[in-house]
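Novice: only geometry, no sequence info:
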């Protein structure tokens with residue numbers, strides 16, 4: 001994995017600035033640093049390399065085509081680069097290296113932007129075409145690799161991480177308060193917004209062209225080159241089981257190719273266990289890694305060890321405790337998560353990556369399976385609602401919800417479940433994506449510029465925008481949520497979490513369930529085989545039952561989390577509540593909200609996610625804003 005930066009200017013670009021931007025990403029690529037400028041100096045590309053395939057210096061970047069027309073800076077891996085290389089050789093290409101970088105550039109030289117349809121991998125890249133005077137930027141289908149950009153005083157600048165853009169002269173650190181509203185709702189900032197008003201994220205599966213003809217720079221609009229096709233095929237469960245096992249084995253085999261040691265993250269849950277088992281059955285028993293906690297409610301080490309024994313995979317683990325949070329949060333986490341972030345499994349992810357990096361340079365993961373194969377509890381809820389409404393109709397379910405609101409006490413679980421049926425489909429989906437504050441509650445508590453922004457911006461507008469491409473009326477509740485999870489939960493959340501945590505220790509991670517063939521297969525599986533009212537991730541669980549022990553298949557979903565709720569009570573001691581008026585967060589939310597949440601959490605109610613979102617934002621504002 002690597003770090004990329006670059007700039008296209010109306011005048012000559014200051015190469016020393018691009019070098020500083022590049023070297024702020026040394027953690028993403030400690031093995032080599034490169035810089036390239038166009039003949040007129042108006043284009044400058046920078047690269048930090050983590051060498052994975054072809055470790056020679058010949059494969060360093062930025063990489064220039066043999067005819068000198070094209071130059072690329074690229075972050076990622078093309079899993080099918082060997083097949084593409086053979087095809088290109090038949091077309092007359094000759095290669096100087098064994099790298100996937102050169103294959104990417106040759107593919108673009110032959111097929112232009114149509115080459116994106118042929119790529120199977122994770123990537124973010126920028127290719128300069130000297131003849132056309134155009135920079136083409138692109139990002140992979142799921143948004144695994146990051147790409148941030150801004151236009152500052154007529155210059156187009158880009159980087160893998162926001163912190164590099166801050167070094168560009170004239171970049172204004174002006175907070176986007178609408179984006180902060182989305183963060184406090186969803187736990188991360190969905191593309192294309194970033195925390196800064198002057199910067200954007202290139203959306204997943206998008207391409208962006210930047211022209212530098214004449215004396216100006218023209219930045220186009222991002223255009224999508226792929227979307228998840230939700231086109232169910234009516235096959236039996238057994239047919240899908242065989243297809244799924246074959247696809248996971250083939251994908252894991254292709255993704256395990258590297259010129260450096262490869263391992264897996266193994267939690268002992270279904271997703272990571274499936275990946276590890278697939279490699280083992282394919283005679284590729286790579287080493288597996290996990291971390292755990294002294295709190296047995298969060299400790300997955302026994303499950304991971306049981307799976308490792310079952311599939312005969314070498315295994316390593318370590319323990320994390322509350323002291324580790326204090327040790328790494330301010331100096332490490334806040335630096336690498338340079339945008340507010342509320343998924344606090346960043347800490348165990350960072351530690352499992354750090355442990356794995358002692359022994360391997362690449363780790364395969366099970367990320368994406370929950371989103372693509374209906375693995376969360378919300379999918380059972382959605383399947384249940386779909387079944388009930390099909391049976392008795394929408395008016396009857398709304399009537400039951402009204403009755404629950406009128407008759408049942410506020411504290412009952414049944415009341416909360418029935419009230420879900422009162423919401424419209426889109427409102428329910430938005431609510432299920434909410435990790436901290438519902439927009440209505442946030443508006444009540446907001447103050448200052450955040451309150452002003454929320455008067456004109458509804459965070460749920462992001463949900464509505466994506467649902468226009470996957471309407472519930474056309475694809476159903478389960479598939480609509482899968483589409484939203486791909487666009488929001490994965491792109492802004494989980495993939496960002498894993499990218500920053502793994503890159504902090506210079507480890508490349510490869511999520512097997514986001515392999516192109518598995519994305520295509522997932523879109524064809526009927527929702528009824530993905531989730532029911534009583535079972536989530538049905539087809540995946542059924543497919544791997546012959547290969548895995550019961551401990552990986554039948555225990556309740558645990559999630560890769562940490563006992564932060566208890567640590568907030570015991571170790572952190574809710575410091576934000578005691579010093580609220582002195583903190584940056586006091587400019588954005590009312591003190592009454594923080595005091596109430598702190599008191600409720602101390603009394604035993606779980607307010608972990610809401611408190612963490614405020615704590616993280618407060619610390620982030622102090623560090624970056």
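Specialist: All right, it came through fine. Not measured: the values here are computed from a predicted model. Numbering: from 1, shown residues only.

Novice: please name the nearest non-neighbouring residue to the most centrally placed residue in the chain.
Specialist: For the chain, the residue nearest the mean C-alpha position is residue 495 (1.8 Å; CA atoms, centre = their mean). Distances taken as CB to CB, 6 or more residues apart in numbering place residue 144 nearest to residue 495, at 5.3 Å, with adjacent residues excluded. (C-beta placed from N, C-alpha, C; glycine too.)

Novice: pull up the gap between residue 196 and residue 168, please.
Specialist: Distance, residue 196 to residue 168, using CB to CB, to the nearest Å: 11 Å.

Novice: and for residue 611?
Specialist: Separation of residue 611 from residue 168 (CB to CB) stands at 35 Å.

Novice: kindly report the same for residue 119.
Specialist: In terms of CB to CB, residue 119 sits 29 Å off from residue 168.

Novice: which of these two has more residues huddled nearby?
Specialist: residue 119 (26 against 23; other CB atoms under 10 Å).

Novice: for the residue nearest to the more buried one when sequence neighbours are not counted, give the beta-bridge partners.
Specialist: In this structure, residue 119 finds its nearest non-sequential neighbour in residue 78, 5.9 Å apart by CB to CB, 6+ apart. Per DSSP bridges, the residues bridged to residue 78 are residue 121.

Novice: for residue 78, grab the count of nearby residues.
Specialist: Number of residues near residue 78 (other CB under 10 Å) recorded here: 24.

Novice: also residue 170?
Specialist: Residue 170: 11 surrounding residues under other CB under 10 Å.

Novice: quick check: which element contains it?
Specialist: Assessed by DSSP states H and E, residue 170 sits outside every helix and strand.

Novice: over to residue 437?
Specialist: Going by DSSP H and E, residue 437 is not in any helix or strand.

Novice: wait, isn't it in contact with residue 446?
Specialist: No - counting by CB atoms under 8 Å, residue 446 is not a contact partner of residue 437; they are 9.3 Å apart.

Novice: OK, contacts around the closest residue to residue 13 other than its chain neighbours?
Specialist: Among residues not flanking residue 13 along the chain, residue 44 sits closest, at 4.2 Å (CB to CB, 6+ apart). Contacts for residue 44 (CB atoms under 8 Å, 6 or more residues apart in numbering) come out as 6, 7, 13, 15, 18, 35, 36, 37, 38.

Novice: pairing partners for the first one in the sheet, please.
Specialist: It refers to residue 6. According to DSSP bridges, the residues that bridge with residue 6 are residue 45, residue 158.

Novice: next, count neighbours for it.
Specialist: Considering only other CB under 10 Å, residue 6 is surrounded by 28 other residues.

Novice: residues contacting it?
Specialist: Applying CB under 8 Å, 6+ apart, the residues near residue 6 are 18, 43, 44, 45, 46, 73, 126, 135, 157, 158, 159.

Novice: now for those residues: which two are most distant?
Specialist: Using CB to CB, the two most remote members of the contacts of residue 6 are 43 and 159, lying 14.9 Å apart.

Novice: if you count surrounding residues, which of these two has more?
Specialist: Higher neighbour count among residue 43 and residue 159: residue 159, with 29 against 26, using other CB under 10 Å.

Novice: and for the closest residue to that one other than its chain neighbours, the neighbour number?
Specialist: Among residues not flanking residue 159 along the chain, residue 5 sits closest, at 4.4 Å (CB to CB, 6+ apart). Using other CB under 10 Å, residue 5 has 31 neighbouring residues.

Novice: low pLDDT regions in the stretch 201-350 of the chain?
Specialist: Along the stretch 201-350 of the chain, segments meeting pLDDT under 70 span 321-324, 326.

Novice: and the strands in it?
Specialist: With strands called from DSSP state E, counting those that start in this stretch, the stretch 201-350 of the chain shows them at 206-211, 218-219, 223-224, 262-265, 287-292, 315-319.

Novice: need those in a markdown table (columns: mean neighbour count and distance to residue 112).
Specialist: A markdown table is the format used below for the strands of the stretch 201-350 of the chain (neighbours: other CB atoms under 10 Å; distance: least, CB to CB, whole Å):
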| stretch | mean neighbour count | distance to residue 112 |
| --- | --- | --- |
| strand 206-211 | 20 | 11 |
| strand 218-219 | 16 | 18 |
| strand 223-224 | 12 | 14 |
| strand 262-265 | 27 | 33 |
| strand 287-292 | 26 | 41 |
| strand 315-319 | 17 | 45 |
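
Novice: of all these, which lies closest to residue 454?
Specialist: So among those, strand 206-211 is nearest, using CB to CB, at 27.4 Å.

Novice: residue 234: neighbour count?
Specialist: Using other CB under 10 Å, residue 234 has 9 other residues around it.

Novice: and what of residue 150?
Specialist: Neighbours of residue 150 using other CB under 10 Å come to 23.

Novice: give the contact list for it.
Specialist: Residue 150 is in contact with 156, 157, 158, 165, 168, 171, 196, 198, 199, 200, counting by CB under 8 Å, 6+ apart.

Novice: how far does the longest helix seen in the chain sit from its chain's centre?
Specialist: Scanning the chain for the helix with the most residues, using DSSP state H, yields helix 237-255. In terms of CA atoms, centre = their mean, to the nearest Å, the centre of helix 237-255 is set 23 Å apart from its chain centre.

Novice: kindly report the same for stretch 293-313.
Specialist: So, by CA atoms, centre = their mean, the centroid of stretch 293-313 is 25 Å from its chain's centroid.

Novice: start to end distance for that stretch?
Specialist: Stretch 293-313 has an end-to-end distance of 22 Å (CA to CA, to the nearest Å).

Novice: only the buried residues of that stretch, if you could.
Specialist: Across stretch 293-313, burial judged by 16 or more other CB atoms under 10 Å covers 293, 298-301, 303-308, 310-311, 313.

Novice: what is the nearest of these to residue 180?
Specialist: Relative to residue 180, the closest of those is residue 298; by CB to CB it sits at 29.2 Å.

Novice: low-confidence ranges in the stretch 401-550 of the chain?
Specialist: 401-422.

Novice: strands along that one, start to end?
Specialist: Ranges of strands in the stretch 401-550 of the chain, per DSSP E, counting those that start in this stretch, are 508-511.

Novice: what distance do you get for residue 84 to residue 106?
Specialist: Applying CB to CB to residue 84 and residue 106 gives a distance of 8 Å.

Novice: an error on my part: the question was meant for residue 46.
Specialist: 22 Å.

Novice: so those two - more neighbours on which side?
Specialist: The residue with more neighbours, out of residue 46 and residue 106, is residue 46; 28 against 23, by other CB under 10 Å.

Novice: grab the nearest non-local neighbour of that one.
Specialist: residue 22 is the one closest to residue 46 (CB to CB, 6+ apart), at 3.4 Å.

Novice: ok, now residue 383?
Specialist: residue 531 (4.5 Å).

Novice: now do the contacts for residue 466.
Specialist: So residue 466 contacts 483, 484, 487, 488 (CB under 8 Å, 6+ apart).

Novice: on that earlier part again, hang on, isn't the residue nearest to residue 383 packed against residue 377?
Specialist: No - counting by CB under 8 Å, residue 377 is not a contact partner of residue 531; they are 9.5 Å apart.

Novice: the two - which one has more neighbours?
Specialist: Applying other CB under 10 Å to residue 531 and residue 377 shows that residue 531 carries more neighbours, namely 29 against 12.

Novice: now do the same contact list for that one.
Specialist: Contacts of residue 531 (CB under 8 Å, 6+ apart): 374, 379, 380, 382, 383, 478, 537, 538.

Novice: go with 7 Å
Specialist: Contact analysis of residue 531 by CB atoms under 7 Å, 6 or more residues apart in numbering lists 374, 379, 380, 383, 478, 538.

Novice: sitting in helices, which of those residues do you find?
Specialist: Filtering the contacts of residue 531 for helices - DSSP H - leaves 379, 380, 383, 478, 538.
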